[in-house]
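>>> A structural model of the following input is requested.
(chains A, B, C and D)
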2 protein chains.
Amino acid sequence: MLPPAKRITHQREIILQKLRSVTSHPTADELYMTVKEHLPRISIATVYRNLEWLVANGLAQKIEVSGRPKRFDGTVQPHYHVRCQMCGKVEDAVLAPLEDINSRAEKYTGYTICGHSIEFYGICPACSHDQKNSAHR
Amino acid sequence: MLPPAKRITHQREIILQKLRSVTSHPTADELYMTVKEHLPRISIATVYRNLEWLVANGLAQKIEVSGRPKRFDGTVQPHYHVRCQMCGKVEDAVLAPLEDINSRAEKYTGYTICGHSIEFYGICPACSHDQKNSAHR
DNA sequence: ATAAGTGCAAACGATTTGCGACCGC
DNA sequence: GCGGTCGCAAATCGTTTGCACTTAT
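Sure thing, here's the model as predicted:
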């Protein structure tokens, strides 16, 4: 199903464009910073509202994991994420989607399963490097 | 490794006991309510502090998913969860832990992977029933 | 005595909301 | 002109923190 193609306001457009131009899964606040460069008068509320709108209309994904601030993703294909436990960075984990586990879960839980998310957690290369350097102290 | 068996204060004990007595993955606040029945003067801060302590000492698990309030689990064995998108309830999904995907992810991401969490999302039996009943309107 | 743990209230960060102004059809 | 959207400020929610007071050892 194609997106309902409703109103695309200027701010909505810029937000989506900025979101698509990065691979860093920014938080609403981070996005607000960069969007503000082009639309200095935009408010953080607008960013939140439009991000939710984009998600609701299938133009973006929300990664709401780990208590931390929600992150957003301009890619809509299902994929998994890895989070660094030290610096909080989130990256994509390129693994083939495990389709079969949905039906398994459905069977065992009685829920109507719509999907699943997998988050790997660990230490990113940069942080594990830092860790070695400061092992003493 | 057995828990460090440090201080077990009265409030700590009650909190763990209450947490273990339910399967509902309560939030800190929900737990606070029930613990207060036994310890009327306990503060919410103590509940938060002790839940973190229990997690740090391997006596409980934190389920921090979906932006929503963190939930806690008195079971420490690794297992997955299903969340109802309508009522927010979290239940266990009895699926054998997928051990192999950790090493796969490690290979692809370059991270040192410590583990992963899977959350299925969908509609619980109760809510899908309600949905039918209120289909009109 | 001292180190750890507590209750309270205030602080915090992320997000949401109410509202009057505004913009595009 | 009207409905949808915006910017702003205030409100909310979950959680954390500073601090002075207890409590177990």
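>>> Spit out the contact partners of A:I123.
Contacts for A:I123 (C-beta atoms under 8 Å, 6 or more residues apart in numbering or on different chains) come out as A:C84, A:Q85, A:M86, A:Q131, B:Y111, B:T112, B:C114. Yep, even glycine has a C-beta here, placed from its N, CA and C like the rest.
>>> just the residues you listed now: which is nearest B:K36?
Closest approach to B:K36 among the contacts of A:I123 (C-beta to C-beta): A:Q85, at 32.8 Å.
>>> Which pLDDT value belongs to the closest one?
On pLDDT, A:Q85 comes in at 75.
>>> ok, now A:S128?
pLDDT at A:S128 comes out at 74.
>>> For chain A, which segments are assigned as helices?
Secondary structure of chain A by DSSP state H: the helices cover A:10-20, A:28-38, A:44-56, A:100-109, A:125-133.
>>> State which strand of chain A is the longest.
Counting residues, the longest strand found in chain A (DSSP state E) is strand A:112-123.
>>> quick one: strands adjacent to it?
Next to strand A:112-123 in the sheet, as set by DSSP bridges, lie strand A:80-84 (parallel), strand B:112-123 (antiparallel).
>>> need the contact list for A:P69.
A:P69 neighbours (C-beta under 8 Å, 6+ apart): A:T27, A:A28, A:D29.
>>> Can you give me the neighbour number for A:S117?
20 (other C-beta atoms under 10 Å in any protein chain shown).
>>> Next: A:E119.
By other C-beta under 10 Å, neighbour count at A:E119 equals 20.
>>> just to revisit the earlier point, now which of the contacts of A:I123 would you call buried?
Neighbour counting by 16 or more other C-beta atoms under 10 Å in any protein chain shown classes A:C84, A:Q85, B:Y111 among these as buried.
>>> Tell me if I'm right that the first one and B:Y111 touch.
Yes. A:C84 is within contact range of B:Y111, at 6.9 Å (criterion: C-beta atoms under 8 Å).
>>> anything in contact with each of the two?
The contact sets of A:C84 and B:Y111 overlap at A:G122, A:I123, A:C124 (C-beta under 8 Å, 6+ apart).
>>> A:R104 - how many residues pack around it?
A:R104: 16 neighbours (other C-beta under 10 Å).
>>> Nearest residue to it in space, ignoring adjacent ones along the chain?
In this structure, A:R104 finds its nearest non-sequential neighbour in B:L95, 6.0 Å apart by C-beta to C-beta, 6 or more residues apart in numbering or on different chains.
>>> these two touch, right, the one you found and A:I101?
Yes. Counting by C-beta under 8 Å, A:I101 is a contact partner of B:L95 at 6.7 Å.
>>> Could you tell me which residues touch both of these two?
Joint contacts of B:L95 and A:I101 (C-beta under 8 Å, 6+ apart) are B:I118.
>>> Tell me the residues of chain A that contact chain B?
Selection of chain A residues close to chain B by C-beta under 8 Å from any C-beta of the partner chain yields A:64-67, A:70, A:80, A:82, A:84-85, A:91, A:93-95, A:98, A:101-102, A:104-106, A:108-125, A:128.
>>> Could you chop chain A up by domain?
According to automatic domain parsing, chain A comprises the domains A:1-76, A:77-137.
>>> least reliable of those domains going by mean pLDDT?
Lowest mean pLDDT within the domains of chain A: domain A:77-137, at a mean of 81.
>>> what does chain A have sitting close to DNA strand D?
A:6-7, A:9-12, A:39, A:41-43, A:45-46, A:49-50, A:67 (C-beta under 7 Å from any atom of the strand).
>>> doesn't A:M86 make contact with A:G122?
No. Taking C-beta under 8 Å as the definition, A:G122 is not a contact partner of A:M86, at 9.4 Å.
>>> If anything else comes up later, I'll come back, but that's it for now.
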